[in-house]
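A.B. asks: the following comprises the amino acid sequence and a computationally predicted model.
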Amino acid sequence: MDTKTETKLASSSNFIKTIMSEDLKSGKTKTIVTRFPPEPNGYLHIGHARAITINFELADEFGGRTHLRFDDTNPTKEDVEFVEAIKEDIQWLGFDWEGLFFASDYFEEMYERALLLIRKGKAYVDEQSPEQIRETRGTLTEPGQESPYRNRPIEESLDLFQRMRSGEFKDGEKVLRAKIDMASPNINLRDPVIYRILHATHHHTGDKWCIYPMYAFAHPLEDAIEGVTHSLCSLEFEDQRPFYDWVIRECEMPNVPRQYEFGKLYITGAISGKRHIRKLIEDGVLDGWDDPRVMTISGMRRRGFTPEAIRAFIRETGVSKSNGVVDSRMLDHFIREDLKLKAPRTMGVLRPLKVVITNYPEGQVEMLDAEINAENPEMGVRQIPFSREIYIEQDDFMENPPPKYHRLYPGNEVRLKHAYFIKCENVVKDADGRVVEIHCTYDPETKSGSGFTGRKVKGTIHWVEATRAVPAEFRLYEPLVLDGEVEDEEADNGAAGSRSINPNSLEVLQGWVEPEMSEAKAHDKFQFFRHGYFNVDPKHTTADKLVFNRIVPLKSSFELPKAKG
RNA sequence: UGAGGAAUAGCCAAGCGGUAAGGCAACGGACUUUGACUCCGUCAUCCCUAGGUUCGAAUCCUAGUUCCUCAGCCA
């Protein structure tokens, strides 16, 4: 982390930071301990990246620590496959956890705490069906009704719960419920189920258990067992906090963690929801969970986003108690800022137009010096070939240009970046009248670096020498969702296709790049002059085919008119 | 109509009784061998509304308004 970043971090403030420093000051806690508790049931996305960054950076700022804990209390939905992927993603983001835990390692202790609850008369085994339990829970405005098993003898619940563990009953036959208040205005306190029977093989504990604790019961215990001080989660868990505190208190946990909730932050045009992505993969829109258009960590990595940029973005957008939607251009900004000094500059022509420089000697090739990054001179200089034939961008030539167009057009002179001034003398068209080639002349006196000051040109365009150019594929991405619409994430129950998917979210182009790009490797990042930042795609790039993902385009205050010359 | 939350610029977001930080976006201008970058400037007399307390209110009080979350043996 550089000094500038640290200054920013220290100067920005949020309510959790305030709470933490007060807790430290009052002596309520000596060390800040946070945790990132993913369920290993899918891939991490930008929302997780935010939770990770918030937890790790907050603890780090106060000299505390952060645990990585897999919240694996539901064997029917989880898999080891995801634990390794999740660990990789966290490390790629740049964080190291102090302590790797599994909620399933606490099953024995959780079971003991449940027994304690029963003995205290604070929990009972209910034999109602799931339907009955739902029907008697009441509604938002009406109280629930007590289960007929609610006041059964403690000994009976104790016996039944132990037999639930030993496998005597089938899934769904019985549950353990906390005994609180069926008339509570907070539905979470109407005798919530805390243990259910699940005859399933757990990826971590195998067949040792056939009863599993529910999240609401397990989570506070996990936090308490690990000595977590500040348990951060999102806003929708606010209603759960009274039960969280109830569990800690009634289970007589010596450590008392506190839960704090913060708002989610959506990004315009982004998609990260599991169901939604799965549907788009099935529909053939996306090529996998790491498709560069999708906001999974692996997708962002393949796209070429950097951990530094993602972290800076998260830091700058902040943490608050309200949900929000941030413009995706803010993320773009931090990508550009991070890559500005890191990415080598190079030239690539995405939509080629052949240019013949008629007064340049045939067969001659000269090598020109080109800075690798003018904003970071330490990166040095490369050599690029120049000859009679080059490719330029189709957009950089117009036969009938609009006003203020200062690129190439008949009779106009422009500068070729790192090379010479060229002047358009003639236009070659095919039978349909389309421009297929243009003829120019160059002025040897105007060579870059020669100190020529005789005259000025308004435009500088990029190019690639035609005979030594390396073919390359460019993949240009646009937001998956149109008009700044925001993904409804988990709410999209199968109706994932209801939002309008941008039909032009991917554009594939075949063009040319500089010769030395043939050595580029997966994940190398470049700025193609006047285009934007690109990442060498790790999935489609092969020994003889280069594929570049556009990470983010350069900003532009110039709009090309629709009608082309 | 129950409970719990949130409302500060187009978008994030500080602010915690002393007179509205910062970032993104936008818009001017300078510079420019990237129509980029950089630099300079503009961008809330006002903080959901209405009252009240106070010398002084985005901050305190009262009454409203709008939005979000909750009725899985998911997390």
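C.D. replies: Received it, and whenever you're ready, just let me know what you need. Numbering: from 1, shown residues only, chains lettered A, B, ... in the order given.
A.B. asks: what helix or strand is the residue of chain A found nearest RNA strand B on?
C.D. replies: Taking CB to the nearest atom of the strand as the measure, chain A has residue A:448 as its residue closest to RNA strand B, at 2.3 Å. Yep, even glycine has a C-beta here, placed from its N, CA and C like the rest. Using DSSP states H and E, residue A:448 sits within no helix or strand.
A.B. asks: surely it meets residue A:419?
C.D. replies: Yes: in terms of CB atoms under 8 Å, residue A:448 counts as a neighbour of residue A:419; the distance is 5.9 Å.
A.B. asks: comparing those two, which shows the higher neighbour count?
C.D. replies: Set residue A:448 next to residue A:419 and count neighbours by other CB atoms under 10 Å: residue A:419 wins out with 23 against 17.
A.B. asks: that one in helix, strand or coil?
C.D. replies: For residue A:419, the secondary-structure state derived from DSSP: H, G, I helix; E, B strand; the rest coil is coil.
A.B. asks: and it, how far from residue A:527?
C.D. replies: As for residue A:419, its distance to residue A:527 is 18 Å (criterion: CB to CB, to the nearest Å).
A.B. asks: now residue A:228
C.D. replies: Counting by CB to CB, the gap from residue A:228 to residue A:527 is 43 Å.
A.B. asks: more crowded one of the two?
C.D. replies: More crowded of residue A:228 and residue A:527, by other CB under 10 Å: residue A:228, with 26 against 23.
A.B. asks: thought that one was touching residue A:67?
C.D. replies: Yes: the pair residue A:228 / residue A:67 is scored as a contact, 6.8 Å apart, by CB under 8 Å.
A.B. asks: now do the shared contacts for residue A:448 and residue A:419.
C.D. replies: Counting by CB atoms under 8 Å, 6 or more residues apart in numbering, the common neighbours of residue A:448 and residue A:419 are residue A:368.
A.B. asks: which residues are in contact with both of residue A:228 and residue A:67?
C.D. replies: Taking CB under 8 Å, 6+ apart as the contact rule, the neighbours common to residue A:228 and residue A:67 are A:33, A:34, A:35.
A.B. asks: list the contacts of the second one.
C.D. replies: Think residue A:34. A:55-56, A:58-59, A:64-67, A:228-232.
A.B. asks: could you do the first one as well?
C.D. replies: The contact partners of residue A:33, taken as CB under 8 Å, 6+ apart, are A:59, A:64, A:65, A:66, A:67, A:226, A:227, A:228, A:229, A:230.
A.B. asks: when you check RNA strand B, which of these turn up near it?
C.D. replies: The subset of the contacts of residue A:33 within reach of RNA strand B, counting by CB under 7 Å from any atom of the strand, is empty.
A.B. asks: hang on, the earlier thing: for the closest residue to the residue of chain A closest to RNA strand B other than its chain neighbours, what are its contacts?
C.D. replies: In space, not counting the residues next to it along the chain, residue A:448 is nearest to residue A:418; the distance is 5.1 Å by CB to CB, 6 or more residues apart in numbering. Residues in contact with residue A:418, defined by CB under 8 Å, 6+ apart, are A:368, A:369, A:370, A:384, A:448.
A.B. asks: how about 6 Å then?
C.D. replies: A:368, A:370, A:448 (CB atoms under 6 Å, 6 or more residues apart in numbering).
A.B. asks: is it possible to export those residues to TSV including pLDDT?
C.D. replies: Compiled in TSV, the contacts of residue A:418 are given as follows (pLDDT from 0 to 100):
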residue	pLDDT
A:368	98
A:370	98
A:448	96
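A.B. asks: let me see the ranges of the helices in chain A.
C.D. replies: A:3-11, A:15-26, A:46-61, A:80-93, A:107-119, A:130-135, A:154-165, A:215-226, A:241-250, A:274-282, A:297-303, A:307-317, A:328-342 (DSSP state H).
A.B. asks: tell me which of the shared contacts of residue A:228 and residue A:67 fall in strands.
C.D. replies: Secondary structure assignment by DSSP state E places A:33, A:34, A:35 of those in strands.
A.B. asks: bridged to the nearest residue to residue A:486 once chain neighbours are set aside, which residues?
C.D. replies: Closest residue in space to residue A:486, ignoring its immediate chain neighbours: residue A:266 at 4.7 Å, by CB to CB, 6+ apart. Beta-bridge partners for residue A:266, by DSSP bridges, are residue A:325.
A.B. asks: what's the local residue count around residue A:266?
C.D. replies: Under the neighbour criterion other CB under 10 Å, residue A:266 is assigned a count of 19.
A.B. asks: in terms of pLDDT, where does it sit?
C.D. replies: Reading off the per-residue confidence, residue A:266 sits at a pLDDT of 96.
A.B. asks: got the residues of the stretch 351-500 of chain A near RNA strand B?
C.D. replies: Those residues of the stretch 351-500 of chain A that sit near RNA strand B, judged by CB under 7 Å from any atom of the strand, are A:373-375, A:404-407, A:415, A:417-418, A:447-449, A:459-460, A:491.
A.B. asks: from residue A:455, how far out is the residue of chain A closest to RNA strand B?
C.D. replies: For residue A:448, the distance to residue A:455 (CB to CB) stands at 14 Å.
A.B. asks: surely the residue nearest to residue A:486 touches residue A:325?
C.D. replies: Yes: using CB atoms under 6 Å, residue A:266 is in contact with residue A:325, at 4.6 Å.
A.B. asks: who touches both of these two?
C.D. replies: When CB under 6 Å, 6+ apart defines a contact, the residues bordering residue A:266 and residue A:325 alike are residue A:486.
A.B. asks: what about dumping the CA coordinates of stretch A:364-372 to PDB?
C.D. replies: Once non-C-alpha atoms are left out, stretch A:364-372 reads as follows in PDB (Å, rounded to 0.1, in the frame of the first residue of the first chain):
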ATOM      1  CA  GLN A 364      12.800  -0.800 -46.700                       C
ATOM      2  CA  VAL A 365      12.100  -1.400 -43.000                       C
ATOM      3  CA  GLU A 366      13.400   0.900 -40.300                       C
ATOM      4  CA  MET A 367      13.300   0.500 -36.600                       C
ATOM      5  CA  LEU A 368      11.900   3.400 -34.500                       C
ATOM      6  CA  ASP A 369      12.300   4.100 -30.800                       C
ATOM      7  CA  ALA A 370       9.100   4.200 -28.800                       C
ATOM      8  CA  GLU A 371       8.600   4.900 -25.100                       C
ATOM      9  CA  ILE A 372       7.000   2.000 -23.300                       C
END
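A.B. asks: centre of the chain to that stretch, how far?
C.D. replies: 39 Å (CA atoms, centre = their mean, to the nearest Å).
A.B. asks: now that stretch: buried residues?
C.D. replies: Using 16 or more other CB atoms under 10 Å as the test for burial, stretch A:364-372 gives A:368, A:370, A:371, A:372.
A.B. asks: which parts of the stretch 1-150 of chain A sit against RNA strand B?
C.D. replies: Residues of the stretch 1-150 of chain A found near RNA strand B (CB under 7 Å from any atom of the strand) are A:12-15, A:18, A:37, A:39, A:71, A:73-74, A:77, A:128-130, A:133-134, A:137-141.
A.B. asks: what's the distance between the residue nearest to residue A:253 when sequence neighbours are not counted and residue A:258?
C.D. replies: Nearest non-adjacent residue to residue A:253, counting by CB to CB, 6+ apart: residue A:224, 3.8 Å away. The gap separating residue A:224 from residue A:258 is 11 Å, by CB to CB.
A.B. asks: which one of the two is surrounded by more residues?
C.D. replies: Neighbour count, other CB under 10 Å: between residue A:224 and residue A:258, residue A:224 has more, with 23 against 18.
A.B. asks: would you confirm that that one contacts residue A:255?
C.D. replies: Yes: counting by CB under 6 Å, residue A:224 touches residue A:255, with 4.8 Å between them.
A.B. asks: how is chain A carved up into domains?
C.D. replies: According to automatic domain parsing, chain A comprises the domains A:3-262, A:267-344+A:472-552, A:354-367+A:383-462.
A.B. asks: ends of the last one, how far apart?
C.D. replies: As for domain A:354-367+A:383-462, its first-to-last residue distance stands at 13 Å under the measure CA to CA, to the nearest Å.
A.B. asks: for stretch A:299-318, same thing?
C.D. replies: End-to-end distance for stretch A:299-318: 23 Å, by CA to CA.
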